[in-house]
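Participant: attaching a predicted model along with its sequence, questions to come.
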Number of protein chains: 2
Amino acid sequence: MSLSEFDTISQYFNSAKLGFSRSGVSVGIGDDGAVIESPQGAPISMSMDLLVEGVHFPVKAEGRHVASRALAVNLSDLSAMTARPLCFTLGLSLPSLDNDWLEGFSEGLSSMAKRFDCPLVGGDLTRSPAGTPIVIAIQVHGYHLDNAPVLRSTAQSGDGVFVTGTLGDGAIGLCSLGLQSHLGSSIALDLAALSEEHRAYLSGAYYAPEPRIDFALAAASLMTACIDISDGLVGDLGHILAGSGVGATVNSTLIPYSLAALAHVSLEGRLQAALYGGDDYELCFTAPAHVTEQLYRIAASHNLGLQKIGEITPGSKLRLLNGSGIEILSHNQAYQHFAPRASGQ
Amino acid sequence: MSLSEFDTISQYFNSAKLGFSRSGVSVGIGDDGAVIESPQGAPISMSMDLLVEGVHFPVKAEGRHVASRALAVNLSDLSAMTARPLCFTLGLSLPSLDNDWLEGFSEGLSSMAKRFDCPLVGGDLTRSPAGTPIVIAIQVHGYHLDNAPVLRSTAQSGDGVFVTGTLGDGAIGLCSLGLQSHLGSSIALDLAALSEEHRAYLSGAYYAPEPRIDFALAAASLMTACIDISDGLVGDLGHILAGSGVGATVNSTLIPYSLAALAHVSLEGRLQAALYGGDDYELCFTAPAHVTEQLYRIAASHNLGLQKIGEITPGSKLRLLNGSGIEILSHNQAYQHFAPRASGQ
């Protein structure tokens, strides 16, 4: 049975699960637009991401997984702005209406939306031609009540460079699903050797990255610049450096890895995944030296790993050092969607 | 030459043409999110539309045309909320980077953005697999400084039903491009008989509908409910009726048509296009009888046609009358993207 657009929205999206009420949202789904009122007139941050089937998530992936990933990567952008989630909108272009997929998608969204008190307030549902990929557009909105937005362009020479959590799990997680990242075979994960626990951890790292909202809000006033790691450390720290007009020195041996990555991926593979893999959605931020201890205490109080991996320097260069302090040269780049691709990748 | 995502954004989107400064926009393109500050903490309306190549605009349509249509239909949603444009975000999923197409797309967006003082503040650019349709997600943001949002759910029995401009031109305009609307052959436009002037008018009605922002702002305080006509009068007035729990009687002979529609399309074809065609992006709104003259004066001062076509009634039924007051029955429906399609359409 084919459901009309309105019935589908009503059944799967305009529900108490997703369209729940929240202060600051005056008009939700069902009109020409949503209406929000920012608490105390606070500034609003917003970020939009597109996810295309076969590009940003595997073809035929379950709706539930696709949904949590789609909302999480957007909430991660809010955390990188140090914004408090307010609401989100959803544009969904589907080649067909698969009720099972939609049911899972709606539940996956709902779970993430409720955890971050971030209801669905509007959007658009449309049918794309048969055989074309699912396209998901999500825009999240957050507000800044007690802390100003932390940008990419305000890092200072002498600041420390910090990362939350562990790096490389996004790309390794994609490999754990039996798929290749754009890094090709350089991660070299042996699927047969993966324990169930590590397999679950790694696929979770890919499908349900944890937006670092609480830590970002608690640490915002101590940060000088912040970004989330969606394209790999080199690319994303590179955005901070370019935006701020500074350089950085990073000690590659200080990059934190998960137990699963340590158990199953070579040092070189882990480093490739962390530097160039992307999809980690951890925070990379800078902060002056005198707040380092305070930052570690905040991270510990949120049960979140935090690691200082380097320092901001004058100039514009990112220098990556090995354990002996020797610079690691690399011709790899961060993932760029339109970069020419090497054959076979 | 292939441009990377960042270069492309920089060259075509992060430009003075599109990323121009505007009060209320604190952070534009280039960070994890945009930051806006609503003037005087005013409520913010926002609306997202997806446009899929081959569904919402013709395959291989020029970038310039696609852009003006994509932004105009979103600004039309803001007009239906009676919001003042503030800024927009853009998600663009492209199977390839065609510099000519992007150049035209950027210029078409810029022209519309500047007219409505509504800069681009962020978004996402991604590559979709080769051979898949272009998908465009646009979200517009507006604010309510002197007038509250006008919703669909607040029409009152006894109100007049008004429409701006002329109806049916969107669907007839699609036919003028040599394409069939979902109404199939019922419009029966003779392309060979079209004058250049009428052809230009009709294709313009399709590709560059005029968002009725100025009129909406001027008339907002007099309206009781408002919607824009994207799915045809029957469907969109139907949303007002359902949302408000009322009925309506519409005199079909009062529906206003353009000179081009009058010259080239039969009465029956025009009526079908107006009732069920969609893509008109005119406003349909309700207002109490005593403000009718005031509304006509406001419309005249904006050089905009305005027509009272009926009245809100108790009950829940939409009654369409012909010139003799006899009810016109019809089995057609408004365009629903996921409705089962008749074969051959």
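Facilitator: Cool, the structure landed. Small disclaimer: the values here were computed from a predicted structure and weren't measured. Residues are numbered from 1 along each chain as shown, chains lettered A, B, ... in the order given.

Participant: the longest strand in chain A is where?
Facilitator: For chain A, the strand that runs over the most residues, judged by DSSP state E, is strand A:84-94.

Participant: whether that one contacts chain B - can you check?
Facilitator: Yes. Contact check for strand A:84-94 against chain B, using C-beta under 8 Å from any C-beta of the partner chain: residues in range are A:Thr89, A:Leu90, A:Gly91, A:Leu92, A:Ser93. For every residue, glycine as well, the C-beta is placed using N, CA and C.

Participant: just the closest residue of chain A to chain B, please.
Facilitator: Chain B sits closest to A:Gly41 of chain A, with a gap of 2.7 Å, by C-beta to the nearest C-beta.

Participant: now that residue, nearest residue through space, not along the chain?
Facilitator: The shortest distance from A:Gly41 to any non-neighbouring residue, by C-beta to C-beta, 6 or more residues apart in numbering or on different chains, is to B:Gly41 (2.7 Å).

Participant: the one you found: neighbour count?
Facilitator: Neighbour count of B:Gly41, defined by other C-beta atoms under 10 Å in any protein chain shown: 14.

Participant: cool, and A:Asp49?
Facilitator: The number of residues packed near A:Asp49 is 22, by other C-beta under 10 Å.

Participant: test my guess that it contacts A:Ser76.
Facilitator: No. Here A:Asp49 does not reach A:Ser76: they are 9.2 Å apart, not a contact under C-beta atoms under 8 Å.

Participant: kindly list the longest helix within chain A.
Facilitator: Longest helix in chain A, counting residues (DSSP state H): helix A:63-81.

Participant: check whether that one comes near chain B.
Facilitator: Yes. Counting by C-beta under 8 Å from any C-beta, chain B is contacted by helix A:63-81 at A:Asp77, A:Leu78, A:Ala80, A:Met81.

Participant: quick one: that helix to strand A:84-94, angle?
Facilitator: Taking axes from the mean of the first three to the mean of the last three C-alpha atoms, to 10 degrees, one finds that helix A:63-81 is oriented at 140 degrees with respect to strand A:84-94.

Participant: picking up where we left off before, what are the pairing partners of the longest strand of chain A, and which direction each?
Facilitator: Each strand pairing with strand A:84-94, determined using DSSP bridges, is listed with its direction: strand A:120-127 (parallel), strand A:135-143 (antiparallel).

Participant: picking up where we left off before, most neighbours of all the residues of strand A:84-94 next to chain B, which one?
Facilitator: Note: the member of the residues of strand A:84-94 next to chain B with the most neighbours is A:Ser93, at 30 neighbours, neighbours being other C-beta under 10 Å.

Participant: on that earlier part again, and among the strands paired with strand A:84-94, the most buried is which?
Facilitator: The densest packing among these, expressed as mean neighbour count by mean count of other C-beta atoms under 10 Å in any protein chain shown, is seen in strand A:135-143 with a mean of 29.

Participant: if we can go back for a sec, now the buried members of the residues of helix A:63-81 next to chain B.
Facilitator: A:Asp77, A:Leu78, A:Ala80, A:Met81 (16 or more other C-beta atoms under 10 Å in any protein chain shown).

Participant: so the last one touches A:Asn74, yeah?
Facilitator: No. Taking contacts as C-beta under 8 Å, A:Met81 lies outside contact range of A:Asn74: 11.3 Å.

Participant: give me the common contacts of these two.
Facilitator: Jointly contacting A:Met81 and A:Asn74 under the rule C-beta atoms under 8 Å, 6 or more residues apart in numbering or on different chains are A:Ser47.

Participant: right, is stretch A:158-177 up against chain B?
Facilitator: No. Applying C-beta under 8 Å from any C-beta, one finds stretch A:158-177 separated from chain B by no less than 14.5 Å.

Participant: I figured A:His65 was touching A:Phe57, is that so?
Facilitator: Yes. With contact defined as C-beta under 8 Å, A:His65 counts as touching A:Phe57 (7.4 Å).

Participant: give me the common contacts of those two.
Facilitator: A:Tyr207.

Participant: could the residues of helix A:63-81 next to chain B go into a markdown table alongside distance to A:Phe20 and pLDDT?
Facilitator: Shown next, in a markdown table, are the residues of helix A:63-81 next to chain B (distance: C-beta to C-beta, whole Å; pLDDT from 0 to 100):
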| residue | distance to A:Phe20 | pLDDT |
| --- | --- | --- |
| A:Asp77 | 22 | 97 |
| A:Leu78 | 18 | 98 |
| A:Ala80 | 25 | 98 |
| A:Met81 | 23 | 98 |
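
Participant: mind putting those residues into CSV with distance to A:Gln294?
Facilitator: Conversion of those to CSV gives the following (distance: C-beta to C-beta, whole Å):
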residue, distance to A:Gln294
A:Asp77, 25
A:Leu78, 23
A:Ala80, 20
A:Met81, 21
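
Participant: which of these lies closest to B:Leu191?
Facilitator: Comparing the residues of helix A:63-81 next to chain B against B:Leu191 with C-beta to C-beta picks out A:Asp77 as the nearest, at 47.4 Å.

Participant: what sits against that closest one?
Facilitator: By C-beta under 8 Å, 6+ apart, the contact set of A:Asp77 is A:Ser47, A:Asp49, A:Val140, A:Asp228, B:Asp32, B:Gly33.

Participant: quick one: contacts for A:Leu233?
Facilitator: If a contact means C-beta under 8 Å, 6+ apart, then A:Leu233 has A:Val163, A:Leu167, A:Val250, A:Ile255, A:Ala274, A:Leu275, A:Cys284 as its contacts.

Participant: show me where the stretch 101-250 of chain A has strands.
Facilitator: Along the stretch 101-250 of chain A, the segments classed as strands by DSSP state E, counting those that start in this stretch run A:120-127, A:135-143, A:160-164, A:225-228, A:247-251.

Participant: and the pLDDT for A:Gln336?
Facilitator: In the prediction, the pLDDT value recorded for A:Gln336 is 56.

Participant: where does the stretch 201-345 of chain A have low pLDDT?
Facilitator: With pLDDT under 70 as the threshold, the stretch 201-345 of chain A has low-confidence stretches at A:329-345.
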